[in-house]
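**Q** next one to model:
(one chain, ligands or ions: 1)
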Amino acid sequence: MTARNVLVTGGNRGIGKSIAEAMAAAGHHVVVTTRTGAAPEGLQAVTGDVTDTASVDAAFAAAEATFGGPVEVVVANAGITKDGLLMRMSDADFDAVLDTNLAGSFRCARRASAGMIKKRFGRLIFISSVVGLYGGPGQSNYSASKSGLVGLARSITRELGGRGITANVVAPGFIETDMTAVLPEDTRKTYQAAIPAGRFAPPEEVAAAVPFLASTEAAYIPGAVLPADGALGMGH
Ligand code: NDP
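**A** Numbering: from 1, shown residues only. Next up, the predicted model:
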């Protein structure tokens, strides 16, 4: 196993924190970005807001200083929801979700690309959602941002796939984090009934996919959408 320099955005809680812990446990050098700069227990943090190009640049510069080298694995995990019915969704709520989830991931991939090209190794892992391809009522902004990550990953794959860089998408289903804790009970029940696995999952069951996609051995697995959703999306 080659220990890589790994940056996970939004690594202070939820799925991002779990991914950072899984990568650290696998022996990698891990830095998480947090908006406050405060580090969760056992992890190193740098300050970063993915909606701000200068902040992303500063976060990468701080991570590179910590590592003493370029970031080799980026896990673009930071994400938000601002649900609302189409007819009533404001421009601000649509834009905010696209800016964080899609443009934020783009900013991180763009910032990482030069170092990865130079190194002739890179792993870009975008945390999407089953909702990206499945759709979700009241989630036109969120779903559009998450399906956009598939186009982003596949375009990067076509552009940089010959340089040792892979770009992949992980599409979680319903995971027990702060994001889903706010779901109304009837919505939870409806989704739970539609999930062949019959349950929501802890963040660790998403995080388990990341050390594999980041590995040297996964060099021939680019442009994929890997579900971690109990088969809610049945492979999509
Ligand atoms: P949480 O709400 O628990 O955590 C979201 C993380 O993103 C936090 O660390 C948050 O930081 C960070 N974040 C939000 N906005 C920004 C920003 N502008 N810049 C930097 N960081 C930011 O969410 P989850 O852990 O549940 O979700 C993680 C990812 O997984 C998201 O992309 C989400 O869409 C996706 N996902 C989640 C699913 C679920 O069921 N939970 C299902 C499918 C996908 P802060 O603490 O400062 O707010």
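
**Q** report pLDDT for the residue in the chain sticking out farthest from the centre.
**A** Each residue of the chain has a distance to the centre, and by CA atoms, centre = their mean the biggest one is for M87: 28.6 Å. Note on M87: pLDDT of 98.

**Q** the top strand by length along the chain: partners in the sheet, and parallel or antiparallel?
**A** Longest strand in the chain by number of residues, with DSSP state E as the criterion: strand 165-172. Applying DSSP bridges to the sheet, strand 165-172 is found paired with strand 122-127 (parallel), strand 225-228 (parallel).

**Q** may I have that strand as PDB, with CA atoms only?
**A** Extracted in PDB, the C-alpha atoms of strand 165-172 (Å, rounded to 0.1, in the frame of the first residue of the first chain):
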ATOM      1  CA  ILE A 165      -5.700  10.300 -12.900                       C
ATOM      2  CA  THR A 166      -9.100   8.700 -12.200                       C
ATOM      3  CA  ALA A 167     -12.300  10.600 -11.400                       C
ATOM      4  CA  ASN A 168     -15.200   8.600  -9.900                       C
ATOM      5  CA  VAL A 169     -18.500   9.300  -8.200                       C
ATOM      6  CA  VAL A 170     -19.800   7.600  -5.100                       C
ATOM      7  CA  ALA A 171     -23.600   7.800  -4.800                       C
ATOM      8  CA  PRO A 172     -24.800   7.200  -1.200                       C
END
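
**Q** after it, which helix or strand is next?
**A** Next along the chain after strand 165-172, taking DSSP states H and E as the criterion, comes helix 178-181.

**Q** list the buried ones in that following helix?
**A** 179-180 (16 or more other CB atoms under 10 Å). In short, each C-beta sits where N, CA and C put it, glycine included.

**Q** what of stretch 229-236?
**A** Those would be 229-230, 232-233, for stretch 229-236 by 16+ other CB under 10 Å.

**Q** swap in stretch 211-220?
**A** 211, 213-215.

**Q** nearest to A171, of the residues you listed?
**A** The nearest member of the buried residues of stretch 211-220 to A171, counting by CB to CB, is L213 at 12.3 Å.

**Q** let me see the contact set for that closest one.
**A** 123, 125, 166, 168, 170, 221, 226 (CB atoms under 8 Å, 6 or more residues apart in numbering).

**Q** buried ones from those residues, can you make that a ChimeraX selection?
**A** A single ChimeraX command selects the buried members of those (16+ other CB under 10 Å):
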select :123,125,166,168,170,226
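
**Q** longest helix anywhere in this structure?
**A** helix 140-160 (DSSP state H).

**Q** tell me the angle it makes with strand 122-127.
**A** Put simply, helix 140-160 runs at 170 degrees to strand 122-127, going by axes from the mean of the first three to the mean of the last three CA atoms, to 10 degrees.

**Q** what's helix 140-160 packed up against?
**A** helix 91-97, helix 104-119, strand 122-127, helix 130-134, strand 165-172 (3 or more CB pairs under 8 Å, 6 or more residues apart in numbering; DSSP states H and E).

**Q** as CSV, the ones you listed with mean pLDDT and distance to Y142 would be great.
**A** As requested, those are arranged in CSV below (pLDDT from 0 to 100; distance: least, CB to CB, whole Å):
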stretch, mean pLDDT, distance to Y142
helix 91-97, 99, 6
helix 104-119, 98, 13
strand 122-127, 99, 13
helix 130-134, 97, 6
strand 165-172, 98, 13
